[in-house]
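# Using only what follows, build the 3D model:
(chains A and B)
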Number of protein chains: 2
Amino acid sequence: MTDAPMPALLAAATRQQGTQLPVWFMRQAGRSLPEYRELRVGTRMLDACADPGMIHEITMQPVRRHKVDAAIFFSDIVLPLKAIGVDLDIVAGTGPVIAHPVRTRADLDQLVPLEPGHVGFVTQAIRSIVDELGQTPLIGFAGAPFTLASYLVEGGPSKDHALTKSMMAGDPELWDQLCRRLAQISGAFLRVQIDAGARAVQLFDSWAGALAERDYRERVLPHSTSVFESLGAAVPTIHFGVGTAELLGAMAEAGSDVVGVDWRTPLDLASARIGADKAVQGNLDPALLLAPWEVLAERVRDVIRAGAQAPGHIFNLGHGVPPSTDPDVLTRIVELIHTEGPGLRAAADC
Amino acid sequence: MTDAPMPALLAAATRQQGTQLPVWFMRQAGRSLPEYRELRVGTRMLDACADPGMIHEITMQPVRRHKVDAAIFFSDIVLPLKAIGVDLDIVAGTGPVIAHPVRTRADLDQLVPLEPGHVGFVTQAIRSIVDELGQTPLIGFAGAPFTLASYLVEGGPSKDHALTKSMMAGDPELWDQLCRRLAQISGAFLRVQIDAGARAVQLFDSWAGALAERDYRERVLPHSTSVFESLGAAVPTIHFGVGTAELLGAMAEAGSDVVGVDWRTPLDLASARIGADKAVQGNLDPALLLAPWEVLAERVRDVIRAGAQAPGHIFNLGHGVPPSTDPDVLTRIVELIHTEGPGLRAAADC
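Below you'll find the model as predicted:
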């Protein structure tokens, strides 16, 4: 073991931050980078996610370019479902398409427990990534049970999640059986990543914001909680969804160390809802990446000041990097955060 | 003038409700009805919206079928833009497509003031609709400046409103010029409907929920306020957007009598944010229309109980009727509200 200082991301996640300010970007690995688009030519998404060499390269690209404080494991939210044998594909312009959507108890048979042998390519990729990363931590990731369930029940992306909500309300027993299987899959997929060297993990509940708090608490929170419980205290954990203004308090109860916040709720207000025992992550509006630099820079500073009111802050966007983003803008944001962040945090703390 | 009692919708909107509970459904006129789909065969959306006979028939269909307490004027949010000469079309599966998006000051020249002569077919349609409606009120509608601006700036529907937010942040003067023109158009379009016989109006700010409160207050609220100010106290007014959990208080400040609430915020909580001087409208989750009837009916009752805590309540969905809805379910909901609503409200009031 070396005696290197704790990386800024891990310090922030565990509320030992001081004035350091770590930054990474959701979807930093991907479509906004020309080197990514070049590498992906001729390779389908799910094939890229199953190829250790491509996973390694794509995960590293934004770290090399932007000097962010963490790598995010390149994968897709449905990858573990594919790995256990669910018949699905990712269709360009549409998203995941499930061949046999889950509508009955018999449909659950597709969802066998995920074992490390299903995703040996992930273990292999992460080992080589952490070798190259050195002190920079790798964040692992998985989709949360509700979001995975929505894809499986709807058969693909959905605007209103009507079939999903209908199952949740009309057949809660089937719903809970489905989510128990998905919680095992999410938890086991994260555990594989941790065992291979990921030093933090993020559970993405992309669509949770479609739910009223009551439904979230009754039918979703117990399953997300069981994912975090299955990980114990192995590594710091992050829990994120979009449009979760009404859900931040409930999502915090699932047990993560950090709650990610979209751009709609200022981080000081979000932190008050999330509680003093958790760090926050976020939350620059990704749409502002197109704004003139001086305007954008001032918004970055506002996020830093608001985040300084939380017991820990990891800078990020409030959602993923849009594909049309100029990557140089992301690099400038990282530079700004590293140069001005400590001073702004210190001043805001007074 | 007759001495008929005030219709339940208007009583609720003006906080003189008692235990009556009016109900209508956003998008009740439209795609969920087989008689609508039959009537629309061979007619493009914008042609239907410019034909007084079709407007009349489509507006009346759900009133005849469901016995709702209000008709909603059948139109499209971009219709007034088309009427003043903006080159646009509504493309099936996509939505509005603007030929020359607004990106510069010169592009504003497309947006001339709306005058009643631009929409004579609306006046004609509404006069015949209110004749058939008798005591049932017609609700007029228009899009709010932000939502119209987003279509114009993006060139069509947008997931992230990135160009719109970028203009708002980067060139606030151009943004405000654009929105001042749109506020005139929205206000004048509503005034035409009121003058022809609409007895209430709803301003739809469909996309406002994409904004953080700070941006909403600085760059959107003043323009929505000016729409309501231009109407004076002519008729009761409703103000609605989706995903507005963080914005309800700010939206209430625009000056409407009623604030519409999506399904994410329970109506009692929403009312506390909106204030004791305003009624609320909403907010059954439209996705639950697919749930088994007994589950759905209990959710309808929950909405009624929560709404009884507000100074006025108009029952509605939290967003529009999904196209796949079985219209008989809507009819049953209306029956339930009319039979059980007064008792549930009286009991909840104790």
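
# Point out where the stretch 1-150 of chain A drops to low pLDDT.
The stretch 1-150 of chain A contains residues with pLDDT under 70 at A:1-3.

# so which residue of it comes closest to chain B?
Proximity of the stretch 1-150 of chain A to chain B (C-beta to the nearest C-beta) peaks at A:Ser150, 10.8 Å away. In this view, the C-beta of every residue, glycine as well, is placed from N, C-alpha and C.

# Run a quick neighbour tally on the nearest residue to that residue once chain neighbours are set aside.
Closest residue to A:Ser150 apart from its sequence neighbours, by C-beta to C-beta, 6 or more residues apart in numbering or on different chains: A:Thr164 at 4.5 Å. Neighbour count of A:Thr164, defined by other C-beta atoms under 10 Å in any protein chain shown: 27.

# follow-up on the earlier one: now the residue of the stretch 1-150 of chain A closest to chain B: which helix or strand?
Assigned by DSSP states H and E, A:Ser150 belongs to helix A:145-154.

# who does that helix touch, helix- and strand-wise?
When contacts are defined as 3 or more C-beta pairs under 8 Å, 6 or more residues apart in numbering or on different chains; DSSP states H and E, helix A:145-154 packs onto helix A:79-83, strand A:95-98, helix A:162-170, helix A:172-196, helix A:221-231.

# right, and the ones you listed - which one's nearest A:Gln281?
Taking C-beta to C-beta, helix A:221-231 is the member of the helices and strands packed on helix A:145-154 nearest to A:Gln281, at 15.3 Å.

# Can you dump the C-alpha atoms of that closest one in CSV for me?
Listed next in CSV are the C-alpha coordinates belonging to helix A:221-231 (Å, rounded to 0.1, in the frame of the first residue of the first chain):
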residue,chain,number,x,y,z
LEU,A,221,-36.9,2.8,-2.6
PRO,A,222,-36.8,-0.7,-0.9
HIS,A,223,-35.2,-2.2,-4.0
SER,A,224,-32.6,0.6,-4.4
THR,A,225,-31.9,0.3,-0.7
SER,A,226,-31.2,-3.4,-1.1
VAL,A,227,-28.6,-2.7,-3.9
PHE,A,228,-26.7,-0.4,-1.5
GLU,A,229,-27.1,-2.8,1.4
SER,A,230,-25.6,-5.6,-0.8
LEU,A,231,-22.4,-3.5,-1.2
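
# Identify the residues contacting A:Trp263.
With contact taken as C-beta atoms under 8 Å, 6 or more residues apart in numbering or on different chains, A:Trp263 is in contact with A:282-286, A:317-319, B:212.

# now it, what's its secondary structure?
With DSSP: H, G, I helix; E, B strand; the rest coil as the basis, A:Trp263 sits in coil.

# excluding its backbone neighbours, what's nearest it?
Spatially, and ignoring its direct neighbours in sequence, A:Trp263 is nearest to A:Gly318 (3.1 Å; C-beta to C-beta, 6+ apart).

# repeat for A:Ser75
A:Cys49 (5.1 Å).

# My guess is A:Val186 contacts A:Glu229. True?
Residue A:186: Ser, not Val. No. Using C-beta atoms under 8 Å as the test, A:Ser186 is too far from A:Glu229 to be in contact (11.8 Å).

# The two: which has the busier surroundings?
Neighbour totals were compared for A:Ser186 and A:Glu229, and A:Ser186 leads with 32 against 12 (other C-beta under 10 Å).

# give the contact list for the more buried one.
A:80, A:142-145, A:148, A:203, A:227.
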